[in-house]
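J.: Sequence isn't available, so here's the structure alone:
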């Protein structure tokens with residue numbers, strides 16, 4: 001028994017090494033979501049730009065809706081922002097923002113400085129909607145189809161490469177599904 005105890009630290013280090021090595025092969029942007037295949041959670045929150053305007057999940061209108069989680073404290077969101085401005089020009093998608101755990105005035109100023117690509121941004125100061133969506137941080141983007149069903153959750157910045165690889169095939173599929181009446 002005494003000899004086994006001597007090797008216990010070595011066994012633990014080897015086991016930890018196996019677990020960490022396994023983690024190297026995982027894609028950090030491939031985040032499972034219990035909401036994929038389900039409708040957008042119900043919410044009633046104010047918009048970022050109008051503290052008197054209450055919006056709900058019913059206000060997220062469009063055949064293909066993207067909900068982009070962003071914040072001024074997120075450096076990756078600043079990198080992603082010019083790509084969102086371009087995406088917003090695409091008539092095939094409707095882009096909404098979810099300003100997550102942020103300061104209202106700073107976020108409004110940020111959109112004035114860098115251009116506002118969103119139809120509107122939901123102001124989620126306390127992170128309640130983000131919690132319902134299972135948001136880990138910003139940026140994250142959700143794709144919602146013409147039936148209001150979440151079809152994709154993407155964690156990380158969208159750029160041209162990511163857009164072509166992760167989003168364009170799904171958008172083409174959703175357009176085809178709508179044409180076929182699915």
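T.: All right, it came through fine. From a predicted model like this one, the values you see are computed outputs, not experimental measurements. Residues are numbered from 1 along each chain as shown.
J.: And the strands in this structure?
T.: Along the chain, counting by DSSP state E, strands occupy 44-46, 54-56, 65-70, 94-100, 121-124, 140-144, 150-155.
J.: any idea how far the closest residue to residue 132 other than its chain neighbours lies from residue 133?
T.: Distance criterion Cβ to Cβ, 6 or more residues apart in numbering; nearest residue to residue 132, sequence neighbours excluded, is residue 41 at 4.1 Å. Placement of C-beta: from N, CA and C, glycine included. Distance of residue 41 to residue 133, computed by Cβ to Cβ, to the nearest Å: 7 Å.
J.: Give the intersection of the neighbour lists for those two.
T.: Among the neighbours of residue 41, those also in contact with residue 133 (Cβ atoms under 8 Å, 6 or more residues apart in numbering) are residue 35.
J.: the more surrounded of those two?
T.: Using other Cβ atoms under 10 Å as the criterion, residue 41 and residue 133 rank with residue 133 on top: 24 against 14.
J.: what's around residue 173, how many residues?
T.: By the criterion of other Cβ under 10 Å, residue 173 has 12 neighbours.
J.: where in the protein is pLDDT low?
T.: 1-4, 7-34 (pLDDT under 70).
J.: in it, which spans are helices?
T.: Along the chain, the segments classed as helices by DSSP state H run 2-23, 75-87, 104-114, 128-133, 160-162, 168-179.
J.: so residue 150 bridges to which residues?
T.: Note on residue 150: beta-bridge partners by DSSP bridges are residue 144.
J.: contacting residues around it?
T.: Applying Cβ under 8 Å, 6+ apart to residue 150 gives the contacts 33, 35, 36, 37, 38, 39, 40, 142, 143, 144.
J.: Tell me the one of these nearest residue 79?
T.: Distance to residue 79 across the contacts of residue 150 (Cβ to Cβ) is lowest for residue 142, with 19.2 Å.
J.: Now the closest one: closest residue in space, sequence neighbours ignored.
T.: Residue 142 sits nearest to residue 67 (Cβ to Cβ, 6+ apart), 4.5 Å away.
J.: Appreciated, that's everything.
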